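Chemist: My questions are about this predicted structure, shown below with the sequence.
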Amino acid sequence: MVFLAPALLTLVLTRLAPAVDTFIASLRDGGAWSLANYAELGADTFREAVVTTVVFNVIINPAQVLVSYALAVVLSQRLPAVGLWRTLIFLPMAVPPAVSTVVWGIWFRPGDGIVNSLLGVVGVPDQPFLTSPGQALYVIMVIASWIGVGYWMMFLIAGIKNVPAEMTEAAAIDGAGWWRRLVTIVTPMVRRQLSFVLVAATVANFLLFVPVQVLTRGGPAGSTNLVMYEAYTQAFVFNDPGPAFAQITVLVALVAVIVALQFRLMRGPAEQVRHAS
Amino acid sequence: MRLDMPRWARIPLAVLVAVGAILWLAPLAWTVASGLRPGNAVFRSFRGLNWRTFIPDAVTTENVAAVADGTLGRAILNSLIVAGATVVVGVLISAMAAYGLTAFRFRGRGFVFALVVLAFMVPFEALAIPLADSARSVGLDNSYIGLILPGVGNGLAIFLLRQFYLDVPAELAEAASIDGAGAWRIFQHVYLPLTGPAMVGAGIIIFVFQWQAYLLPLLLTTDPSMDVGAVALARLFGQYGVDWGMLFAGAAFLCLVPAIVLLVFQRTFTESVVGSAVKG
């Protein structure tokens, strides 16, 4: 127990106690038990933040899984210096998100920013990006994905490498081309890694905070006001943490339900057959 | 075999991948280039695009000096202190906990392990606001301890180390114990030397966690001299009339440190962390 005590103590103090704390504090109001904090969740700003967060996630999570899988398929080929290319794609994950956000914020400047100049080369007119309520959320998605997909890719590459070579070889002998092997053999075999990535991406993106706080402060016109930023504003800008605790509790509960659903959905036919046998 | 593409696609693919991977890092290359530009040239490089966007026509070290003299330099030093201390303490207590969970049989071991797993399933970002609240109430705001403590207990690091400790042959520990070695000596001389890669993996997990930390340090510090690098940089970015050259020199440093760590330990990290996540 001597060996366990320090780690256990810090885990309880910095992970488990604050979680319980949040839940209890969300149920307190003026020193008494109350649901007042939850009653405030009916306010328009919170409801809109939930809708924005859900829309954001419905788009970004499948997109990240797809892009990271495409990258994994390409970067699990036998290519010269493939290990180096993998590390380059993976690197943004280790850079502090605040730094990546600042850099991308400058690249996405409206007018003559670097991204606009690039688009100009192919004839696309100047875009407003972060200053447009219609585009800002998508720009945030691009930034978050540039940071995240390389990391998810690493898990999928490991999954692809785990597929027994005999299976793809046998299929190749039977005349299955590259695309067929990918769709019918490899993809079902990396289902577990794909669902891990989907779940991990979902958790990370539901709690996304940094790009919003650094670049848009929820704007323009509330178009990027994700729930984490809404809770932060509630607690520290309006200096009223009670409702923020209720918001976080609801957010975590929402994430837990969605993750549970994803696990069920991803346990497709292949898995059930394996369980039955 | 697995997924090898047709032979005719090899060379175009190799070129495409190399070009793509380098372009992927263009924003970081630009950050480093901007950190080397004289102050007035930095702002000009925000606009338009030509090959000079990535290769400065004049190089200066004045930005690096400005970082070292200013609040940003102080903040980066704080980041180094916090991340360094967290890695040392965090790896030690995680290794001890993993040892405690593998080498001994005791009542409630399953429960303790469940707590460890639960602790890394709780998304940390969601805890930052309550955690900052309680840290403030015990006077840990604006302090190194307050910044370090949340990083040292890392469920994922414990989980990873335990995976490796399970593979240490029990006979080795038994032989040592017959020779009269105590639990601490067995840990020190049998487990630690055999599991170097896992310790590197755990160290990188803990380091990256702290180097990326943003929301909690943002809430915990009101005194600018206690800010960590990422927070100080974001604050500067929001100010008018900021010295862009200095800002980018600081940003480049904040990118290069983890980049170097990952490039050096790339193989160990992928094998230990990604490998065990895929198996586990």
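Modeler: Received it, and whenever you're ready, just let me know what you need. Numbers count the residues shown, from 1 in each chain, chains lettered A, B, ... in the order given.

Chemist: ok, and the closest non-adjacent residue to residue 226?
Modeler: In the absence of a named chain, this looks at chain A. A:T53 (4.9 Å; Cβ to Cβ, 6 or more residues apart in numbering or on different chains). Every residue, glycine included, has its C-beta placed from N, CA and C.

Chemist: wrong one, I was asking about chain B
Modeler: B:N142 (4.7 Å).

Chemist: Just give me the neighbour total for that neighbour.
Modeler: 17 (other Cβ atoms under 10 Å in any protein chain shown).

Chemist: Retrieve the pLDDT associated with it.
Modeler: Confidence at B:N142, expressed as pLDDT, is 90.

Chemist: Dihedrals phi and psi, it?
Modeler: Main-chain dihedrals, B:N142, degrees, to the nearest 10: phi 50, psi 40.

Chemist: List the contacts of A:F46.
Modeler: A:E40, A:V227, A:E230, A:P243, A:Q247 (Cβ atoms under 8 Å, 6 or more residues apart in numbering or on different chains).

Chemist: Of all pairs in the residues you listed, which one is the farthest apart?
Modeler: Farthest pair in those (Cβ to Cβ) is A:E40 and A:V227. Separation: 13.9 Å.

Chemist: State the number of residues packed around B:G139.
Modeler: By other Cβ under 10 Å, neighbour count at B:G139 equals 10.

Chemist: what does the average pLDDT come to for stretch B:146-159?
Modeler: So the average pLDDT for stretch B:146-159 ends up being 91.

Chemist: re earlier: okay, the contacts of A:F46 in CSV with secondary structure next?
Modeler: Listed next are the contacts of A:F46 as CSV, based on DSSP: H, G, I helix; E, B strand; the rest coil:
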residue, secondary structure
A:E40, helix
A:V227, helix
A:E230, helix
A:P243, helix
A:Q247, helix
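
Chemist: hmm, back to that, okay, buried residues for the host helix or strand of the residue nearest to A:L226 please.
Modeler: Following DSSP states H and E, the helix or strand that holds A:T53 is helix A:44-75. Neighbour-count burial for helix A:44-75, counted by 16 or more other Cβ atoms under 10 Å in any protein chain shown, picks out A:46, A:49-50, A:52-53, A:56-57, A:60-61, A:64-65, A:67-69, A:71-75.

Chemist: so who does the residue nearest the centre of chain B touch?
Modeler: Among the residues of chain B, the one closest to the centroid is B:V208, at 1.0 Å (Cα atoms, centre = their mean). With contact set as Cβ under 8 Å, 6+ apart, B:V208 has these partners: A:M93, A:A94, B:P258.

Chemist: How far does whichever helix in chain B runs longest sit from its chain's centre?
Modeler: For chain B, the helix with the greatest residue count under DSSP state H is helix B:71-103. Distance of helix B:71-103 from the chain centroid (Cα atoms, centre = their mean, to the nearest Å) equals 10 Å.

Chemist: how much does the helix or strand following it deviate in direction from helix B:71-103?
Modeler: Downstream of helix B:71-103, the first helix or strand assigned by DSSP H and E is helix B:109-121. Put simply, helix B:109-121 runs at 160 degrees to helix B:71-103, going by axes from the mean of the first three to the mean of the last three Cα atoms, to 10 degrees.
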